[in-house]
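Participant: Structure for the following, please:
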Amino acid sequence: MARVLFDKESCKGCKLCVTVCPKKIIALSPEVNSHGFHPAGITEAEKCNGCGFCFLICPDVAIAVLRGEGAGE
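Facilitator: Numbers count the residues shown, from 1 in each chain. Predicted coordinates:
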């Protein structure tokens, strides 16, 4: 199992990760970060397969995909 981490302070809420997620489990938060943006986050972590599409498309490098021991396996 993989784990995806979002750096909410670095996220500008561009929604690119939302559009590329094949499982449709990424959404923008109703809360705002210290920069005034609605950051993205994963809504159903157990459904994430760790494909990394969100990581690859993020222009702000605000997403990390952990696999193996780093994912808590």
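
Participant: hey, let's count contacts and neighbours off CA atoms from now on
Facilitator: OK.

Participant: Tell me where this structure has strands.
Facilitator: In the chain, the strands defined using DSSP state E lie at 3-6, 26-28, 40-42, 63-66.

Participant: in its sheet, what does the first one sit against?
Facilitator: Strands that pair with strand 3-6, judged by DSSP bridges, come out as strand 63-66 (antiparallel).

Participant: Measure how far the partner strand is from the centre of its chain, please.
Facilitator: 8 Å (Cα atoms, centre = their mean, to the nearest Å).

Participant: And for stretch 32-49?
Facilitator: With Cα atoms, centre = their mean, you get 6 Å for stretch 32-49.

Participant: List the buried residues of it.
Facilitator: 33, 37-42, 45, 48 (16 or more other Cα atoms under 10 Å).

Participant: Make JSON lines out of these and add distance to Val61 and pLDDT.
Facilitator: Below are the buried residues of stretch 32-49 laid out as JSON lines (distance: Cα to Cα, whole Å; pLDDT from 0 to 100):
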{"residue": "Asn33", "distance to Val61": "16", "pLDDT": "97"}
{"residue": "Phe37", "distance to Val61": "15", "pLDDT": "98"}
{"residue": "His38", "distance to Val61": "16", "pLDDT": "98"}
{"residue": "Pro39", "distance to Val61": "13", "pLDDT": "98"}
{"residue": "Ala40", "distance to Val61": "12", "pLDDT": "98"}
{"residue": "Gly41", "distance to Val61": "14", "pLDDT": "96"}
{"residue": "Ile42", "distance to Val61": "16", "pLDDT": "95"}
{"residue": "Ala45", "distance to Val61": "19", "pLDDT": "91"}
{"residue": "Cys48", "distance to Val61": "19", "pLDDT": "92"}
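
Participant: Export the residues you listed as CSV, with columns for distance to Thr19.
Facilitator: Conversion of the buried residues of stretch 32-49 to CSV gives the following (distance: Cα to Cα, whole Å):
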residue, distance to Thr19
Asn33, 21
Phe37, 17
His38, 15
Pro39, 14
Ala40, 11
Gly41, 13
Ile42, 13
Ala45, 17
Cys48, 15
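
Participant: ok so, going back, quickly compare the strands of the chain and say which is most buried.
Facilitator: strand 40-42 (a mean of 23; mean count of other Cα atoms under 10 Å).
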